[in-house]
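Participant: Below is the sequence, then the predicted model.
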Amino acid sequence: MSRPIQDYALIGNMQTAALVSRDGSIDWLCLPAFDSGACFAALLGTPQNGHWKIAPAVEVLRATRAYRPGTLVLEMEFETHAGCVKLVDCMLVGDQHPRVVRIVQGLQGRVDMRMELILRFDYGSIVPWVQTAHARLRATAGPDSVCISTPVPMRGIDFTTIAEFTVAAGESVPFELVYFPSHRSAPPKLDAVQACDETTSWWRRWSSRFSYDGPWRAEIERSLITLKALTFAETGGLVAAPTSSLPERAGGVRNWDYRYCWLRDAAFTLYALLRAGYHDEAKAWRQWLLRAAAGRPQELSILCGVRGERRLPELELPWLGGYTDSRPVRTGNAACEQFQLDVYGEVIDTLHLAQESGLEAQADTWGLQRVFLDFLESAWRNADNGIWEVRGPRRHFTYSKVMAWVAFDRAIKAIEGSSLQGPVEHWRHVRDAIRDEVFRYGYHERRGAFVQSFDADLLDASVLIMPRVGFLPARDPRMRSTAEAIARDLCVDGFVLRYQTAPHVDGLPPGEGVFLPCSFWLCDYYALTGEHDRAQHLFERLLAVRNDVGLLSEEYDPASRRLLGNFPQAMSHVALINSAMNLSTGEHPPTARRD
């Protein structure tokens, strides 16, 4: 039986990331980078697919865990009849080689401990060749090697590395696992305790730059640290999540690889970083966006690898049973080949937001926007795959048309507020034509709501974005009736579903959890209309969905009270930051993004 997703905590170092369970087992780790083959893949199968567990060898009476304040260094305490120990887990920041450090510290009494390490490369499919040299184990498979170091004796049993030891109060036992290419020598060992302390100091220096002192400061800070951890330091790209194939419904087929960077997330992410004062990260993310968007507009990929890769072929891994038997397990993402109209608007909106927020202008960004706008003049009339990347037929999605409107609206405002040149009157006509079409075909009179697409009456929570991007006022009667329809017909226990799933819409069996970013969007809508109590009530309920260390996935099942989908999810944490800021400061995206 798979552990609940909420039982995991995140450690990372801006190169890659790992998930650690409540019982001290690292069950997911991709090396050397976010989108590389997993070295520990027990999360998507059995422990034999690779895990690294350090825990008491005796009965645990009580286990607690927390991050060191202001950091991504995780501490777990295990209380037993014999005494108490602490397990400190971190990935070292600034190291040339991805490195995981685990330190067992004796707090009270004497506790017998056990380490179990099962290394499997390529998502559990390859058993590595293990050698012993200089008190270290080296495991190699093809291009990849890892070394594990510890002062306690290790032995191999049935392709598993075991260590049994005792820790007394005041003692520390370090473990270190480091990745390196197999054709190179192993990196030198480090002082694990000192390296962990240096990583703690690095995170605290970074988080201290967050000067906000309002409500929900701790919750915002934890989300910011999570976003930083999901950033690839070399390029500035932000992955949607560090995992693949965690299902949107237990036992279902909606299992996608999220270890990539989505262009549409750029505006929301940039806005959250700027509001929190992290301008360097915002600049790096903008630079990644410019590189990723470069090229012919009709060839724009809506998602890319952390280095900007566009070819991300989707493969199925039949040897993995999947989380809660949810198959297939996938790597890669076929959505990279889809046409999604909204992305052009989101890219232009992001660049406009950066300019309006005081980030130094970049050469040729206006030229890129002009190329996109020339393409959009005709492309906005085309059907597309939509924000939710449906795998059914292309449709005329309302949200997609709204974001095409955003593209021309931001270009017009850029010219009005600067010396930039462009056919502004022509763009105004195009902008007005898009708005007229959305009002004519996107609003369903009988349903009393803006709907998912022009040829159906299905609800879709993406239209909650319309006031936030300035398409129409939040208090417009059509918007009010839309929000009420969503709250009535698209909510489960007060949380919002993305849309009404149906095979003819997205080509997949129906059924998934409530979508946490959309639930935050409804909260934002209430805040925009001045319904502060309603907004705060929903926001507090969303905060309660986080796990004990403050992390959110993509979706949630109110019936079982379990998180669903890839974890932790960057977009959920971006939405949390923006909603918290909206409620606590009274400032909203339309103010910053349109005036």
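Facilitator: Good, I have the coordinates.
Participant: make it CA atoms for all contacts and neighbour counts henceforth
Facilitator: Will do.
Participant: Residue 415 should be in a helix, yeah?
Facilitator: Yes. Checked against DSSP: H, G, I helix; E, B strand; the rest coil, residue 415 lies within a helix.
Participant: which SSE is the nearest residue to it once chain neighbours are set aside in?
Facilitator: Nearest residue to residue 415, sequence neighbours excluded (CA to CA, 6 or more residues apart in numbering): residue 421, at 6.3 Å. Counting by DSSP states H and E, there is no helix or strand that carries residue 421.
Participant: Same check on the one 4 residues further on?
Facilitator: Per DSSP H and E, residue 425 falls inside helix 424-437.
Participant: tell me the mean pLDDT for that helix?
Facilitator: Averaged across helix 424-437, the pLDDT comes to 98.
Participant: How is this protein divided into domains?
Facilitator: If you go by automatic domain parsing, the domain ranges for the chain are 5-184, 217-589.
Participant: Can you say which of the ones you listed is nearest to residue 205?
Facilitator: Taking CA to CA, domain 5-184 is the member of the domains of the chain nearest to residue 205, at 8.5 Å.
Participant: Give me the contacts around the helix holding residue 425.
Facilitator: 377, 380, 401, 402, 404, 405, 408, 409, 412, 415 (CA atoms under 8 Å, 6 or more residues apart in numbering).
Participant: Only the buried subset of the residues you listed, as a PyMOL command please.
Facilitator: In PyMOL, this line selects whichever of the contacts of helix 424-437 come out buried by 16 or more other CA atoms under 10 Å:
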select buried, resi 380+401+402+404+405+408+409+412
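Participant: Please produce TSV containing the contacts of helix 424-437, extended by secondary structure and pLDDT.
Facilitator: Listed next are the contacts of helix 424-437 as TSV, based on DSSP: H, G, I helix; E, B strand; the rest coil; pLDDT from 0 to 100:
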residue	secondary structure	pLDDT
377	helix	95
380	coil	97
401	helix	98
402	helix	98
404	helix	98
405	helix	98
408	helix	98
409	helix	97
412	helix	96
415	helix	92
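Participant: from the contacts of helix 424-437, which is closest to residue 133?
Facilitator: Looking across the contacts of helix 424-437 and measuring by CA to CA, the closest to residue 133 is residue 404, at 60.0 Å.
Participant: Now do the closest one against residue 357, distance only.
Facilitator: 22 Å (CA to CA, to the nearest Å).
Participant: what's the helix or strand containing residue 349 packed up against?
Facilitator: Here residue 349, judged by DSSP H and E, is contained in helix 342-356. Other elements packing on helix 342-356 under the criterion 3 or more CA pairs under 8 Å, 6 or more residues apart in numbering; DSSP states H and E are helix 266-275, helix 279-293, helix 365-379, helix 398-416, helix 589-594.
Participant: 6 Å instead, please
Facilitator: Here helix 342-356 touches helix 398-416, going by 3 or more CA pairs under 6 Å, 6 or more residues apart in numbering; DSSP states H and E.
Participant: neighbouring contacts of the helix it packs on?
Facilitator: 341, 342, 345, 348, 424, 431, 434, 442, 452, 453, 463 (CA atoms under 6 Å, 6 or more residues apart in numbering).
Participant: Likewise for stretch 378-387?
Facilitator: By CA under 6 Å, 6+ apart, stretch 378-387 touches 339, 340, 394, 395, 396.
Participant: Just the CA atoms of it, as PDB, please.
Facilitator: C-alpha atoms of stretch 378-387 as PDB (Å, rounded to 0.1, in the frame of the first residue of the first chain):
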ATOM      1  CA  SER A 378      -5.100  35.100 -37.300                       C
ATOM      2  CA  ALA A 379      -4.300  32.300 -34.800                       C
ATOM      3  CA  TRP A 380      -6.700  33.600 -32.100                       C
ATOM      4  CA  ARG A 381      -9.600  32.300 -34.200                       C
ATOM      5  CA  ASN A 382      -8.300  28.700 -34.200                       C
ATOM      6  CA  ALA A 383      -9.400  26.000 -31.800                       C
ATOM      7  CA  ASP A 384      -6.700  24.700 -29.400                       C
ATOM      8  CA  ASN A 385      -6.100  22.200 -26.700                       C
ATOM      9  CA  GLY A 386      -6.700  24.600 -23.800                       C
ATOM     10  CA  ILE A 387      -5.200  25.400 -20.400                       C
END
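Participant: Could you give me the buried positions within it?
Facilitator: Those would be 380, 382, 383, 384, 385, 386, 387, for stretch 378-387 by 16+ other CA under 10 Å.
Participant: now do stretch 228-241
Facilitator: 228-233, 235-241.
Participant: same check, this time on stretch 409-427
Facilitator: Result for stretch 409-427 [16+ other CA under 10 Å]: buried residues 409, 410, 411, 412, 414, 424, 427.
Participant: If we only consider those residues, which is nearest to residue 124?
Facilitator: residue 410 (47.5 Å).
Participant: rewinding a little: taking the mean pLDDT, what do you get for the helix holding residue 349?
Facilitator: 90.
Participant: tilt between that helix and helix 398-416?
Facilitator: Using axes from the mean of the first three to the mean of the last three CA atoms, to 10 degrees, the inter-axis angle of helix 342-356 relative to helix 398-416 is 30 degrees.
Participant: what's next to helix 342-356, contact-wise?
Facilitator: 264, 267, 400, 403, 404, 406, 407, 593.
Participant: Could you pull out the buried residues of that helix?
Facilitator: For helix 342-356, by 16+ other CA under 10 Å, it's 342-354, 356.
Participant: Distance to residue 36 added to those residues, as JSON lines?
Facilitator: Listed next are the buried residues of helix 342-356 as JSON lines, based on distance: CA to CA, whole Å:
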{"residue": "342", "distance to residue 36": "29"}
{"residue": "343", "distance to residue 36": "26"}
{"residue": "344", "distance to residue 36": "28"}
{"residue": "345", "distance to residue 36": "31"}
{"residue": "346", "distance to residue 36": "28"}
{"residue": "347", "distance to residue 36": "27"}
{"residue": "348", "distance to residue 36": "31"}
{"residue": "349", "distance to residue 36": "31"}
{"residue": "350", "distance to residue 36": "29"}
{"residue": "351", "distance to residue 36": "30"}
{"residue": "352", "distance to residue 36": "34"}
{"residue": "353", "distance to residue 36": "33"}
{"residue": "354", "distance to residue 36": "31"}
{"residue": "356", "distance to residue 36": "37"}
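Participant: Show me the two of those residues that sit farthest apart.
Facilitator: 342 and 356 (20.9 Å).
Participant: Tell me what the closest residue to residue 50 other than its chain neighbours is bridged to.
Facilitator: Distance criterion CA to CA, 6+ apart; nearest residue to residue 50, sequence neighbours excluded, is residue 40 at 4.2 Å. Beta-bridge pairing of residue 40, defined through DSSP bridges, involves residue 29.
Participant: residues near residue 40, how many?
Facilitator: Neighbour count for residue 40, taken as other CA atoms under 10 Å: 30.
Participant: swap in the one 3 residues further on?
Facilitator: Other residues within reach of residue 43 by the criterion other CA under 10 Å amount to 29.
Participant: Could you pull up the residues touching it?
Facilitator: 27, 28.
Participant: so what's the backbone phi/psi at it?
Facilitator: phi -60, psi -30 (degrees, to the nearest 10).
Participant: Kindly report the same for residue 207.
Facilitator: Torsion angles, degrees, to the nearest 10, at residue 207: phi -70, psi -20.
Participant: Many thanks, have a good one.
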